[in-house]
Structure formats: structure tokens, C-alpha cells
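Undergrad: predicted coordinates and the sequence they were generated for:
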Amino acid sequence: MSDRANALALAEVRLTPVLVADPPLLNTQGVHQPYTPRLIIEVVTEGGVTGLGETYGDAGYLELAKPLAASLIGRPVTDLNGLPALAAEVCGDVAAAAGPDAVDVGGLRGVRTADKLRLSVLSGFEVACLDAWGKAVGLPVHALLGGKVRDAVEYSAYLFHRWAAHPGGRGERDDWGAALDPAGVVAQARRFADTYGFTSFKLKGGVFEPAREVATIRALAEAFPGRPLRLDPNGAWSVPTALAVAEELGDVLEYLEDPVSGTARMAEVAAALGGTGPGGARLPLATNMCVTTFDEIAEAFTRDAVQIVLSDHHYWGGLRATRELAAVCAAFGVGVAMHSNTHLGISLAAMTQVAATLPGLRYACDSHYPWQTEDVLTERLTFHDGRVAVGDAPGLGVELDRDRLAVLHRRWLADDGTLRDRDDVAAMRHADPGWTAPAVPRW
Ligand SMILES: O=C([O-])C(=O)C[C@H](O)[C@@H](O)C(=O)[O-]
Ligand SMILES: [Mg+2]
């Protein structure tokens, strides 16, 4: 190996699970726990460069990350195409943990398959390797992906019905207050717009009966005339309910996200929707639930079940897989945008780097980041005019704050295991002891 290649070989990989404060955000499954698990990955090259990655931190992901971390030692950071085969070889047979109908967090992340679990883990390593590679050669990650086509990536305000505080005084308190009716959600949207400059708005639905959520979208449309609005009940509605909501809101929605559960029902809704929406065009359906793997694309696209796929680089297998997804979507005339789950700044930087390289990205991306008051970076990423600037600093352009990392890791160590897996249903039981995962369709 040349000296240069040797310097790019991996000498050390560090895994640090953390628990991150999360507000009491409501969704159709329940409510967010006061702390959510994330996994921070550091890869260190022989040349002394450290790359950062982040992915889901639930126990099942962490278990796969350990053997993958060990097997990376000695391999070059540039060997990204070798990661899937390596993960398949060393991560063991996780099929038992992911039966045929398994889902993650009640379906909020779509199906749970062995392949997808592996991809969700290796994506964190891919990002860390890209960061290290970029830092080693003095190039931003977007350059390693072929170069940026925009200088800033637009994000939407991610609106949630929420309580002022977690039940029983658990967790941290923030100053957002409750948002449980149209006025509360409009006030939340106003603060997002004023603070971050967001001009498009997504409401997490499926929490209250549809008429109440329709009224909230109407209130948002009145408060922000002409602005793109989305509603996402996470598959909680029946086909007739979805069609009724589409009929009522077709003139103000940019798209309707996962109104129903599963490709077959999405196809039914899409087929029935001809003629609604602005100018008589069909109101598009978006998903981050029924198309979350390459295996699910063929059926969904040939049945015209979805018109926009919300990619999530974590579970699609990384930044390069996200670009492959975008290419497949483009070939089928399907739009692409970006989904988010609670995440920190490393993932926001990764999302921004890859989004900057996608020519066909026409929708503002989702991000939970403004809800996260804690981070592991020395400097938080910032939104201006609803956008994150795409810098040209080497790698992801972010730096780890070791003290913050240690604090959030200590919280993970101190937990007795109840918060190490995201469980919105269990969190809801602190407010409503009889709460169980709602049957779908809920309405
Ligand atoms: O668009 C989505 O479905 C999501 O962002 C999934 C998340 O889990 C969301 O429901 C949440 O944070 O409660
Ligand atoms: Mg969604």
C-alpha cells in the first residue's frame, strides 16, 4: 500500500450511544419519550483524521454496529461499495428479530427487515467514512458525491401537536408550551417562521380526529396564504377518510403524506384522487412508510401508489444510496424529498450534503432538528430563510464536542434500559395508563 492509501486505512472506530432530550411531540402511536436514543460513530484513520456519523441508537441497531465497527479496522475509508457485503457477512442473522410483518416504532419508520436494519446501521458508517475521507483530502462530502447543484438546502417547519411538558414531570422542559388546537399550531408555525425563516409547513397528523386536523390546516392556510402545506397522519386513516380529507384540503395541500397504511391502500387513494388539487392536477401522495426499501419500489411505482418518496438516508443505506433512489424516482417521474426522525447535527449535515447534490429535489426537506435543544457539535447548524447553507469545508464541516458527547452518553449509561428503545406507546402510558398501540385505520 502506498503511504497515502495507508493513511486512509481505518485504525479505530468508536461507538457512543447517547440519549437526547426530546419534547412531548404527539403522533398517532402516542408521544415521544423524554429522551431518544441515537448512535454517534467516529472512525479514525491511520493518518489521524476522525470522521463522524450518526444513526438510530435503539438496541437492535447498536448490536449490529458493534461487529461492523470491529470489522472495519484496516479497511480504507474509501471502500464504501464494500460496506453492504461486509455488513451482511459480520452482522449475523438478524432475520429472527425482524419477522415478515415486523415494523419499527409502530410503522413510523416503515417495515423492519433484516436488510433494512443492516442498511440503517451501515449508513452511519458510510457517512463517517465520507467525512473522514473528505477531511483527509480537503474536500466537502458533496464533492465526493459528485458536487453540489445548490448552495443551500430548504427545510420545512415540522409542526406537532404537543403538550407543554412530559407527563409526571419527566425529562427536560422547553418554552414552546402546548399546541393542541388550530390556534396553538398556528402560533407554533409563526414562531418557526420568525425564528428560522421556514416558508413551508408540515403538520404531523393522526393525533386527533380528522375534522380537527382539517381545521388546523385551514387555519395554517389562512395564516400563511399560498405557502406549501403538508399533512402526515402516518397511515392512520381509512381510504374513505383519506379521500374526504383530500377533497376538503386539495386546494391548499402541497401533498398528502401517508394518509393510509400500505401500498395497496395508497394505490386506491391515488387512483380515486384524479382531479383534486390546485388547477385540477392530482393531489400527490408522499410516503416514508410504504416505500422505505428498494424492494418496495416496483410494486408502489407500477401501481402509481405514490408520487413522492421521502428518502431517509439512514434507512435507505446512506448518502450514495439516496442518490440511487433519486435516480430511480426520476426514471419513473416520481418526486423525491426527505424524511426525518429525531436527529442531531451530524445527521442534519449529512442530509444537507446529499440534498445539495440532487438536481430533482423540488420540495423542502423535513427535519426535527429545531426541536432538539441538545447536540454533540461544537457549533449548532443554523437555518436562514428556512435553509441550511451548503459549506465547502472538508467533510461534513462539523466538529464534535467531546464534553457534550460524554454528558449525553452518561445519560444513556444511567438509564435502566427503558429509554434505550424508542417507544411512543409506552411513553403515552405515563399520561394514559390504558393506552395501547391504536389499530389502523384509526379513523
Ligand atoms: O414523516 C414521518 O412519518 C416522521 O417524521 C416519522 C416520525 O417518527 C414522526 O412521526 C415523529 O417524530 O413522531
Ligand atoms: Mg411521514
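TA: Arrived safely, thanks for sending. Ligands and ions are numbered 1, 2, ... in the order given.

Undergrad: low-confidence ranges, the chain, go.
TA: 1, 93-101, 103-106, 275-280 (pLDDT under 70).

Undergrad: for it, longest helix please?
TA: helix 114-137 (DSSP state H).

Undergrad: after it, which helix or strand is next? Please name it.
TA: helix 141-144 (DSSP states H and E).

Undergrad: residues in contact with that next one?
TA: Outside helix 141-144, the residues that touch it by C-beta atoms under 8 Å, 6 or more residues apart in numbering are 127, 130-131, 133-134, 148, 319, 350, 353-354, 356-357, 390, 392, 395-396. From N, CA and C alone the C-beta is placed, and that goes for glycine too.

Undergrad: please identify the residues of the stretch 251-400 of the chain in proximity to ligand 1?
TA: Proximity of the stretch 251-400 of the chain to ligand 1, by C-beta under 6 Å from any ligand atom, involves residues 288, 339-342.

Undergrad: about what we covered before: can you pull the buried residues of the longest helix of the chain?
TA: Of the residues in helix 114-137, 114-136 count as buried by neighbour count, 16 or more other C-beta atoms under 10 Å.

Undergrad: the residue of the stretch 251-400 of the chain found nearest ligand 2: neighbour count?
TA: Residue nearest to ligand 2 within the stretch 251-400 of the chain: residue 288 (4.3 Å; C-beta to the ion). Counted by other C-beta atoms under 10 Å, the residues lying close to residue 288 total 26.

Undergrad: list the contacts for it?
TA: Neighbours of residue 288 in contact, by C-beta under 8 Å, 6+ apart: 109-110, 257-258, 309-312, 339.

Undergrad: show me which of the residues you listed neighbour ligand 2.
TA: residue 257 (C-beta under 5 Å from the ion).

Undergrad: TSV for the contacts of residue 288, including secondary structure and neighbour count?
TA: Formatted as TSV, those follow (DSSP: H, G, I helix; E, B strand; the rest coil; neighbours: other C-beta atoms under 10 Å):
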residue	secondary structure	neighbour count
109	coil	22
110	coil	23
257	strand	28
258	coil	30
309	strand	28
310	strand	26
311	strand	27
312	coil	23
339	coil	27
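
Undergrad: what is the nearest of the contacts of residue 288 to ligand 1?
TA: residue 339 (5.1 Å; C-beta to the nearest ligand atom).

Undergrad: my guess is the closest one meets residue 310, correct?
TA: Yes: taking C-beta atoms under 8 Å as the definition, residue 339 is a contact partner of residue 310 at 3.8 Å.

Undergrad: which residue is the nearest non-sequential neighbour of the residue in the stretch 51-200 of the chain that ligand 1 sits nearest to?
TA: Ligand 1 sits closest to residue 108 of the stretch 51-200 of the chain, with a gap of 3.8 Å, by C-beta to the nearest ligand atom. For residue 108, ignoring the flanking residues on the chain, the nearest one in space by C-beta to C-beta, 6 or more residues apart in numbering is residue 234 at 5.9 Å.

Undergrad: helix, strand or coil: sort out that neighbour for me.
TA: coil (DSSP: H, G, I helix; E, B strand; the rest coil).

Undergrad: quick one: the strands in this protein, in order.
TA: 10-21, 35-45, 50-56, 152-154, 157-159, 201-204, 229-232, 253-257, 285-287, 308-311, 335-338, 387-389 (DSSP state E).

Undergrad: between those, which one is nearest to residue 85?
TA: strand 10-21 (16.4 Å; C-beta to C-beta).

Undergrad: ok, is that closest one in contact with ligand 1 or not?
TA: No: legend: contact between strand 10-21 and ligand 1 by C-beta under 6 Å from any ligand atom is lacking; minimum distance shown is 12.6 Å.

Undergrad: now that strand and strand 50-56, what's the angle there?
TA: 40 degrees (axes from the mean of the first three to the mean of the last three C-alpha atoms, to 10 degrees).

Undergrad: direction included, what does strand 10-21 pair against?
TA: Strand pairing for strand 10-21, determined by DSSP bridges: strand 35-45 (antiparallel).

Undergrad: do the partner strand and ligand 1 come into contact?
TA: No: against ligand 1, strand 35-45 shows no contacts by C-beta under 6 Å from any ligand atom, the least distance being 9.0 Å.

Undergrad: tabulate the CA atom coordinates of that strand in PDB.
TA: The C-alpha coordinates for strand 35-45 follow below in PDB (Å, rounded to 0.1, in the frame of the first residue of the first chain):
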ATOM      1  CA  TYR A  35     -35.100  11.100  25.700                       C
ATOM      2  CA  THR A  36     -34.500   9.400  22.400                       C
ATOM      3  CA  PRO A  37     -31.500   7.100  21.600                       C
ATOM      4  CA  ARG A  38     -29.000   8.000  18.800                       C
ATOM      5  CA  LEU A  39     -25.700   6.400  18.000                       C
ATOM      6  CA  ILE A  40     -22.700   8.500  17.300                       C
ATOM      7  CA  ILE A  41     -20.000   6.900  15.200                       C
ATOM      8  CA  GLU A  42     -16.400   8.000  15.000                       C
ATOM      9  CA  VAL A  43     -13.900   6.500  12.500                       C
ATOM     10  CA  VAL A  44     -10.200   7.300  12.900                       C
ATOM     11  CA  THR A  45      -7.800   6.800  10.000                       C
END
